[in-house]
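Peer 1: Quick one, structure for this:
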Amino acid sequence: MKNKKIAIVSSGLGHINRGVENWTKETAYLLKDKINIKLFKGGGKKESEIEEIVPNISRNSIILGGIKSPIPWIYRYYVEQITFALMLFFKVKDYDIIQSADPLILQTLQLLKKWLTKKPKILYTNQSSSSVEICKNFEYVQVLAPYYLKLGIKEGFNVKKWFVIPNFVDTKYFCPKKNNNLRKKLNIPIDAFVILSVGPLGFKGHKRMEWLIKEMKIAKNYVKNLYLIIIGDVDKDTEDFINFGKKMLNKNIIFIKNVPHDKISEYYNIADVFVLCSLSEPFGIVFLEAMSCEKPVIGHKFPVTEWIIGNGGITLDMIKEGELADCIKKFYCTNRTFFGKKGRERVKKLFAKEVVAPKFIKMYDSIINSSSV
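Peer 2: All right, here's what the predicted structure looks like:
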């Protein structure tokens, strides 16, 4: 594998902070000492020798109207992917595999590669929780959980060249530590019961942060000294969202904007419980991060979420009003240590980076040695 060249690419990496972009970077750095891998990203600064920045028209560029553009984000995202792919084409002509979770980048490269003498194999990583439909456009596919493979089989797709490789976490970085200093800095009492969630600071996102706030207002009737921390990126309606949260929970809600990923472990460790209210997630790396810090987690009854959490927390109906508030009450009144310990054990067994890395190597080797249709 050392003499084979792997490109992993993301047009949003460097100027967008979502799960897709974080996954791309984390995967490249996980494998950089094991194989010849290059990380192509759409913005920011070059942080190491494995990185290269590819010029493109980013989705939030001034040309497209900025972050508050009247143009729907999906069309701006299409522009970003296509311009990125056109520039990337000239940089990856001699690569063996090009991998991305941005489908339009790969579809553009599939159209262009017929002009290449050496034709790289295209590997799509599906990051959609609602469908695997787009996977049929690619010969090689990585899915993040067994559920998606079952969906592919159910849809009648040829899944012989599909690979199940989950997201992963660094269990040495995400580990249990006391952090009373950060609680003090945030003016949170030492004896407060703290709920943490991570997602965009805005209304109507699929993380359903407004639902979380409403449920915490109900839970305050049962839980003494309840605090809610929400960490996330700024959205176009962030200020209105923050005002809504303050109106509902007063001083008992804290918003933390744009936390660098290398600092987020500190916040998991001041929480008592981690909650994510989205009804579905492509994977939900935040569950792994919280569980690795020995925090019990609560998620919706979605097959992938249930598989990830296992006995490290509870899944419930996030649509039913009061259900989450009641679960918070139960966690407050019972011993949470069991869930925390079991959660970390599960992560170390199934999702630790040293467990997942060999799966990538095996997948790449299988793709390189396979014959394309």
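Peer 1: how about the strands in the protein?
Peer 2: Remark: strands assigned in the chain by DSSP state E are 5-10, 36-41, 51-53, 97-100, 121-125, 140-143, 162-164, 193-198, 226-232, 253-257, 273-275, 297-300, 313-316.
Peer 1: Buried ones in the last one, by neighbour count?
Peer 2: Residues of strand 313-316 classed as buried: 313-315 (neighbour count, 16 or more other Cβ atoms under 10 Å). Bear in mind the C-beta positions are built from the backbone N, C-alpha and C, glycine included.
Peer 1: strands paired with that strand, and their directions?
Peer 2: According to DSSP bridges, strand 313-316 forms sheet pairs with strand 297-300 (parallel).
Peer 1: Could you pull up the mean pLDDT of the strand it pairs with?
Peer 2: For strand 297-300, mean pLDDT rounds to 97.
Peer 1: wait, doesn't Met268 sit right on Glu294?
Peer 2: If you look again at residue 268, you'll see it is Tyr, not Met. No. Tyr268 is beyond contact range of Glu294, at 9.2 Å (criterion: Cβ atoms under 8 Å).
Peer 1: Check the burial of Val164 by counting its neighbours.
Peer 2: 16 (other Cβ atoms under 10 Å).
Peer 1: Need the pLDDT of it.
Peer 2: Confidence for Val164, expressed as pLDDT, is 97.
Peer 1: Then the one 5 residues further on?
Peer 2: Confidence per residue is given as pLDDT, and for Val169 that number is 96.
Peer 1: I'd like to know the beta-bridge partner residues of it.
Peer 2: In this entry, Val169 is beta-bridged to Ala352, by DSSP bridges.
Peer 1: Determine the number of other residues adjacent to it.
Peer 2: Neighbours of Val169 (other Cβ under 10 Å): 24.
Peer 1: Who are the contact partners of it?
Peer 2: Val169 is in contact with 285, 288-289, 292, 347, 351-353, counting by Cβ atoms under 8 Å, 6 or more residues apart in numbering.
Peer 1: Same check on Ile218?
Peer 2: 322, 325.
Peer 1: 10 Å instead?
Peer 2: By Cβ atoms under 10 Å, 6 or more residues apart in numbering, the contact list for Ile218 reads 321-326, 328-329.
Peer 1: any idea how far it lies from Leu249?
Peer 2: Per Cβ to Cβ, to the nearest Å, Ile218 is found 11 Å from Leu249.
Peer 1: repeat for Ala352
Peer 2: Relative to Leu249, Ala352 is positioned 35 Å away (Cβ to Cβ).
Peer 1: and if you look at Pro189?
Peer 2: 15 Å.
Peer 1: More neighbours: which of the two?
Peer 2: Neighbours were counted for Pro189 and for Leu249 using other Cβ under 10 Å; Leu249 has more, 18 against 11.
Peer 1: Could you report the distance from that one to Ile195?
Peer 2: 11 Å.
Peer 1: now Met291
Peer 2: For Met291, the distance to Ile195 - Cβ to Cβ - is 15 Å.
Peer 1: repeat for Leu279
Peer 2: 19 Å.
Peer 1: Who has more neighbours out of those two?
Peer 2: Regarding Leu279 and Ile195, a neighbour count based on other Cβ under 10 Å identifies Ile195 as having more, with 27 against 18.
Peer 1: Need the max-distance pair from the contacts of Val169.
Peer 2: Across these, the longest distance by Cβ to Cβ is 13.0 Å; it joins Ile285 and Ala352.
Peer 1: more neighbours, the two?
Peer 2: More crowded of Ile285 and Ala352, by other Cβ under 10 Å: Ile285, with 22 against 19.
Peer 1: How about the contacts made by the residue nearest to that one when sequence neighbours are not counted?
Peer 2: Residue nearest to Ile285 in three dimensions, not counting chain neighbours: Asn167, with 4.8 Å by Cβ to Cβ, 6 or more residues apart in numbering. Counting by Cβ under 10 Å, 6+ apart, Asn167 touches 19, 22-23, 26-27, 127, 144-145, 282-289, 308, 351, 353, 356.
Peer 1: The same query, at a cut-off of 7 Å, please.
Peer 2: 23, 144, 283, 285, 288, 351 (Cβ atoms under 7 Å, 6 or more residues apart in numbering).
Peer 1: that older thread, which residues are common contacts for Tyr268 and Glu294?
Peer 2: By Cβ under 7 Å, 6+ apart, no residue touches both Tyr268 and Glu294.
Peer 1: Show me where the stretch 1-150 of the chain has its helices.
Peer 2: Ranges of helices within the stretch 1-150 of the chain are 19-31, 73-88, 103-112, 146-154, based on DSSP state H, counting those that start in this stretch.
Peer 1: Which of those helices sits closest to Asp235?
Peer 2: Comparing the helices of the stretch 1-150 of the chain by Cβ to Cβ, helix 73-88 comes nearest, at 10.5 Å.
Peer 1: Tell me how many other residues crowd Trp211.
Peer 2: Quick note: Trp211 (other Cβ under 10 Å) scores 16 neighbours.
Peer 1: State the distance from it to Leu276.
Peer 2: Taken as Cβ to Cβ, the span from Trp211 to Leu276 is 11 Å.
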